[in-house]
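# With the input below, show me the fold.
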Amino acid sequence: MRERQVLASAMRDRWAFDTIADHVAHDDLSEQGWVIWQGITDYYDRDTKAGDIDPELLSAAIGRGLSADKHKTTFTNLVNGLSNLDVSPSNVVSDLLATKRDVAGKQLAAAIASGQHDEVLLSRYTDLLAADSLDEEATEVEARRGFSVAELVSEKFSAANLISVYPTALNDRLGGGVKPGHHIVLFARPEMGKTMATIEMTAGFARQGLTVLYIGNEDPLDDITMRVVNRLSNMTKAEVMEAPDVAEAKAKEAGYDNIVLQSLAPGTPREITKLIEEYKPHVLVLDQLRNLNMHQDNYVLALENAAKQARQWAKRYSCVVVSVTQAGDSASRKAVLDLGDVDYSNTGIPAQADLMVGLGANDHHAKNGEIVFSLPKNKISGVHEYFACAVEPQYSKIVSLG
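From the prediction side, this is the model:
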């Protein structure tokens, strides 16, 4: 391992650190290098928004754990030298992962040749392959020829294998639901019901016995929790406050224990990947895409890459992903939305979605307590209709009409 280049890259670019963090072990570094690596890790963990390392702060943090002045001086000089090193983080990361992947591949091949089935080596090699392709499109590796049509219908497209999506008016237009690996994107103007719609979906998924990982980086976690309880218990906030035990019992009966609510501010791909691997959800909800820290200054590219990452999670972990993003000014006081109304990314985000659901309302709908669902992209069933639903905000509930 090119220790100095790796440490310098991790200091200079948070993306580089996030990509290689799970693949740098104590044995890969010198004792001094490991101390600096631990300091880098602690620095980024303290500030999830930090895009790079302030060498002066890093030196000070490391120095506080040392007693001898000469050691403090040594590490200050080492950190300053790393901060001044001319490196290309992308190329250093690629070189590191390629090297470790090749080593792991040879170890795995040797184990297989000797008749051993080493799950640890296989897992390490698979993780390195995934890490080396974080910024690339997910690659489909399944090939078929002469696949049984009867099996295709009975196992892949039967109603029993579909996941229902609520409200029912939406599910009907999807032909009965979605499959693991699908990516749904909700978009709307502020205060138009994006969170209400995700809670409606989340409650529906939970009632089906599915594990839902709801990652929120927009609203306070306590507020989201209360709204989920409102929906599952069919009790208002005031009623929940009056009888919390009753509300909890009703919510649990409706699948409350199937929902993992996680607050991230703002959340990085590495953090979310770890949560997915920990909870193994059937459904991942990302509220919202625009707040994810993609370590890019270009907002349009950051949004597009966030959507790409969401799609990769759906494919890699065979789960349904529901992403939330904003609609632009063009959607103001508008009932039926189209792809051009997606804020900052009316091409990049839709390209990564199997289903785009726009939420809108004109003055008439707003007066009558309604919200309009639009389906400007629908690869699931091909239906591109729009329809109105009633909203009951006190329950975070959306009710199908007709």
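
# got any ranges where this protein has weak pLDDT?
Across the chain, residues meeting the criterion (pLDDT under 70) sit at 1, 117-118, 123-124, 126-127, 129-142, 144, 156, 295-296, 402.

# Following the record's annotation, map out the domains of it.
The chain breaks down into these structural domains: 3-131, 157-400 (assignment by automatic domain parsing).

# okay, these in CSV with mean neighbour count and distance to residue 150 next?
(Glycine included, C-beta is placed from N, CA and C.) Converted to CSV, the domains of the chain look like this (neighbours: other C-beta atoms under 10 Å; distance: least, C-beta to C-beta, whole Å):
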stretch, mean neighbour count, distance to residue 150
domain 3-131, 16, 32
domain 157-400, 19, 11
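
# Correct me if wrong: residue 331 contacts residue 361.
No - taking C-beta atoms under 8 Å as the definition, residue 331 is not a contact partner of residue 361, at 10.0 Å.

# ok so, going back, now the domains of the chain in a markdown table, with distance to residue 143?
Formatted as a markdown table, the domains of the chain follow (distance: least, C-beta to C-beta, whole Å):
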| stretch | distance to residue 143 |
| --- | --- |
| domain 3-131 | 18 |
| domain 157-400 | 16 |
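
# Tell me which helix or strand the closest residue to residue 108 other than its chain neighbours sits in.
Spatially, and ignoring its direct neighbours in sequence, residue 108 is nearest to residue 121 (4.6 Å; C-beta to C-beta, 6 or more residues apart in numbering). When secondary structure is defined by DSSP states H and E, residue 121 falls within helix 119-131.

# and the helix or strand that comes right after that helix, which residues are buried?
Next along the chain after helix 119-131, taking DSSP H and E as the criterion, comes helix 149-151. Neighbour counts over helix 149-151 (16 or more other C-beta atoms under 10 Å) mark no residue as buried.

# Packing partners of helix 149-151?
For helix 149-151, the contact count by 3 or more C-beta pairs under 8 Å, 6 or more residues apart in numbering; DSSP states H and E identifies no helix or strand as a packing neighbour.

# Next up, phi/psi of residue 217, please.
The phi and psi torsions at residue 217 (degrees, to the nearest 10) take the values phi -130, psi 20.

# I should have written residue 215 there, sorry.
Listed backbone geometry of residue 215 is phi -100, psi 110, with angles given as degrees, to the nearest 10.

# which residues touch it?
Contact partners of residue 215, counting by C-beta atoms under 8 Å, 6 or more residues apart in numbering, are 262-264, 267, 272, 275, 284-287.

# out of those, which are inside helices?
Cross-referencing those with the helices (criterion: DSSP state H) gives 272, 275 as the overlap.

# Dump the contacts of residue 215 to JSON lines, plus distance to residue 311.
Converted to JSON lines, the contacts of residue 215 look like this (distance: C-beta to C-beta, whole Å):
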{"residue": "262", "distance to residue 311": "20"}
{"residue": "263", "distance to residue 311": "23"}
{"residue": "264", "distance to residue 311": "19"}
{"residue": "267", "distance to residue 311": "17"}
{"residue": "272", "distance to residue 311": "13"}
{"residue": "275", "distance to residue 311": "17"}
{"residue": "284", "distance to residue 311": "11"}
{"residue": "285", "distance to residue 311": "15"}
{"residue": "286", "distance to residue 311": "11"}
{"residue": "287", "distance to residue 311": "17"}
